[in-house]
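**Student:** whatever this is, show me its structure:
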Amino acid sequence: MHLNPYGEDVVNLAADLVNRRPADAEELADRCRAAGLVLELPVTRQDLERTQEVLEAWEKVVDTTDEHERAELLNRMLAAAATYPRMTNHVGTGWHLHYRDERQPLGSLLFSLISVGTALHLAGRGMHRLRRCEVTECTVVFADTSRTGRQRYCSPRCANRDAVRRHRSRTAPPAEAGTHRSSPPRS
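**Tutor:** This next block holds a predicted model:
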C-alpha cells in the first residue's frame, strides 16, 4: 500500500527548510526545485519572507504534543492558505490535485503545500508522526514515515548516540560519596 506521497514529500521539504533555513531567495528556489516543485514565477525576497512566516507557524504545529491543539493550529494554517482542490495538468506531467490558486508566488505556494501536505500526512499516518529528535541537544524536526510509526530520532547517528549514552549510564560504576578518583602516585 502506498500512503500519500503528496503529504510525505511536502512534509519532508518543510522539515528540511525548518532545519536549515534558506539564506536567500535563490537558495529557497534551488531547494524547492531539488524537492520536485515546479516554479512558474521568479522567486523574490518577499517569497523568502513569506516562507519564513510559514515555517514559524509550522514549527508551532511540530512542537505541540496535544493532538487537538496540533489540529487547531494546522486548521488555522489551512484556512489561511488553501483554496478548494482542483485538478490540473499545468506542466504536462499528468493530472494531479492542487489546493491553491494558479500562479501563486512561491511563498504562498509553500504555505498551501505545507499546510495541506502536513494535514494529509498526519491524517493518513497519525497525529504523532511529526516531531523533533529525542536527543536532548538535537533540535532537528522530522516527519515519521516509518512503517511502524515509532521513529524517535532524526537519524541513525542520533539513535546511536542516545543508545551509547543510555548504555554508559547503566554500566558506569556508582561514584562513592566523599571520594574522588585520582591517578595512582608516580614512582
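**Student:** got a pLDDT number for Leu73?
**Tutor:** Looking at Leu73, its pLDDT is 98.
**Student:** need the contact list for the closest residue to Phe111 other than its chain neighbours.
**Tutor:** With sequence-adjacent residues excluded and distances taken as Cβ to Cβ, 6 or more residues apart in numbering, Phe111 is closest to Ala81, at 4.0 Å. All C-beta spots, glycine's among them, are computed from the backbone N, C-alpha and C. With contact taken as Cβ atoms under 8 Å, 6 or more residues apart in numbering, Ala81 is in contact with Val54, Arg100, Ser108, Phe111, Ser112, Ile114, Ser115, Val116.
**Student:** pass me the low-pLDDT residue ranges in the chain, would you?
**Tutor:** Confidence mapping of the chain against pLDDT under 70 gives the ranges 1-6, 175-187.
**Student:** strands of that one, residue ranges please.
**Tutor:** Ranges of strands within the chain are 86-88, 96-98, 130-132, 141-143, based on DSSP state E.
**Student:** got the ones you listed as JSON lines, with distance to Gln151 and mean neighbour count columns?
**Tutor:** Listed next are those as JSON lines, based on distance: least, Cβ to Cβ, whole Å; neighbours: other Cβ atoms under 10 Å:
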{"stretch": "strand 86-88", "distance to Gln151": "33", "mean neighbour count": "11"}
{"stretch": "strand 96-98", "distance to Gln151": "27", "mean neighbour count": "14"}
{"stretch": "strand 130-132", "distance to Gln151": "8", "mean neighbour count": "20"}
{"stretch": "strand 141-143", "distance to Gln151": "7", "mean neighbour count": "23"}
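**Student:** which one of these lies closest to Asp9?
**Tutor:** With respect to Asp9, and counting by Cβ to Cβ, the nearest of the strands of the chain is strand 141-143 at 9.7 Å.
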